[in-house]
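1. need the 3D shape of this:
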Amino acid sequence: GSSCDKCDFETDLCKALHPLSSQPGWVRRNGQSGRRPPYFDHNGNHSAYFLTLSSEMQSSAATLRTKVFLPAAEDLICQITFHYWISQMSGTLLVGVKKLSENALTNLWQDSGELRNEWKAKSITINSTEKYEV
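-> Below is the predicted model of the structure:
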């Protein structure tokens, strides 16, 4: 079977993420419940849920952590695909990986959003021989 986890935030936070209570600044909402964009998800669905930064977090950083993933087998690599929306001039989205043996996050990708106010998709490949978080 496929080892892919799909995460759409429709019922809750996906199994891949740590509980939201430990990640201040993030709010689960849909396009109908916000006074600011986005007003729809990446499929154009107004009632579909996504995560957004709370308005109090405009100038500070907020982190989303995944659960600990097991290292991929030698013939397998892990690929994470996600949809994101950047609306602020100053906003930067970073994706990093933290291996079990390391204290620091290794930055894999970032986007500060020249193309604002639209959904974009990104796939990131992770090659790790030990347990890791993203």
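
2. how about the strands in this protein?
-> 26-30, 49-53, 78-85, 93-99, 106-111, 119-126, 132-133 (DSSP state E).

3. which strands or helices does the first one pack on?
-> To tie it back to what came earlier, the one meant is strand 26-30. strand 49-53 (3 or more CB pairs under 8 Å, 6 or more residues apart in numbering; DSSP states H and E). Where you see a C-beta, it was placed from the backbone N, CA and C, and this is true even at glycine.

4. likewise for the third one?
-> Secondary structure elements in contact with strand 78-85, counted by 3+ CB pairs under 8 Å, 6+ apart, are strand 119-126.

5. quick one: which of the strands of the chain is nearest residue 65?
-> Nearest to residue 65 among the strands of the chain is strand 132-133 (5.6 Å), distances taken as CB to CB.

6. how distant is the closest one from the center of its chain?
-> The chain centroid and the centroid of strand 132-133 are separated by 14 Å under CA atoms, centre = their mean, to the nearest Å.

7. residues in contact with that strand?
-> Residues outside strand 132-133 that contact it (CB atoms under 8 Å, 6 or more residues apart in numbering): 65-69, 71, 97-100, 126.

8. what do you get for stretch 29-38?
-> With CB under 8 Å, 6+ apart, stretch 29-38 has contacts from 39-41, 45-50, 52, 55, 85, 87, 117, 119.

9. how about a cut-off of 10 Å?
-> With contacts defined as CB atoms under 10 Å, 6 or more residues apart in numbering, stretch 29-38 is touched by 9-10, 27, 39-41, 44-52, 54-55, 85, 87, 116-119.
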